[in-house]
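Take a look and give me a structure for this.
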Amino acid sequence: MFKGLGQMGDMAKMMKAAQEMQTKMADLQEEMHNLTVTGESGAGLVKAVATCKGELKSLDIDPSIFSSDDKEVVEDLILAAIKDAQQKASDRAQEEMGKLTEGMGLPKDMKLPF
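Coordinates of the predicted model:
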């Protein structure tokens, strides 16, 4: 008799789930600005800290690497540490997104706008 109403109820559930997903995505986006990772190069002589959004927060450079003869080496180490931090940030962001999608019953490797 009220066969169509069942479909409306399903639609309402889907809309509510979509709103929850949107809220969780917004929360995760905010969290990514606060979560940090540390990239390293030169066996830890240069460390770069970045947010999971890839924003560089700090650099820690061991003074032992400073020598005028090694300018290019130092630059390479700094660049490598930053790239390492950015890759770790990207990996961590994917991991956190995977947790969110799995928690909502979606495939872990589902790509969402990020």
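
all strands of the protein, in order?
Taking DSSP state E, the strands of the chain run over residues 36-41, 46-51, 56-61.

Okay, now the unreliable bits of the protein?
Applying pLDDT under 70 to the chain flags the ranges 1-8, 106-114.

Run through the helices of it in chain order.
According to DSSP state H, the chain carries its helices in the segments 3-34, 71-103.

still on that earlier bit, and of the strands of the chain, who's closest to A17?
In terms of C-beta to C-beta, the element of these nearest to A17 is strand 46-51, at 28.7 Å. For the C-beta atoms, the positions are set from N, CA and C on the backbone; glycine is no exception.

That closest one pairs with which strands, and in what direction?
With DSSP bridges as the test, strand 46-51 is paired with strand 36-41 (antiparallel), strand 56-61 (antiparallel).

Deepest-packed of these, please.
strand 36-41 (a mean of 18; mean count of other C-beta atoms under 10 Å).

what angle separates it from helix 71-103?
With axes from the mean of the first three to the mean of the last three C-alpha atoms, to 10 degrees defining the directions, strand 36-41 sits at 140 degrees from helix 71-103.
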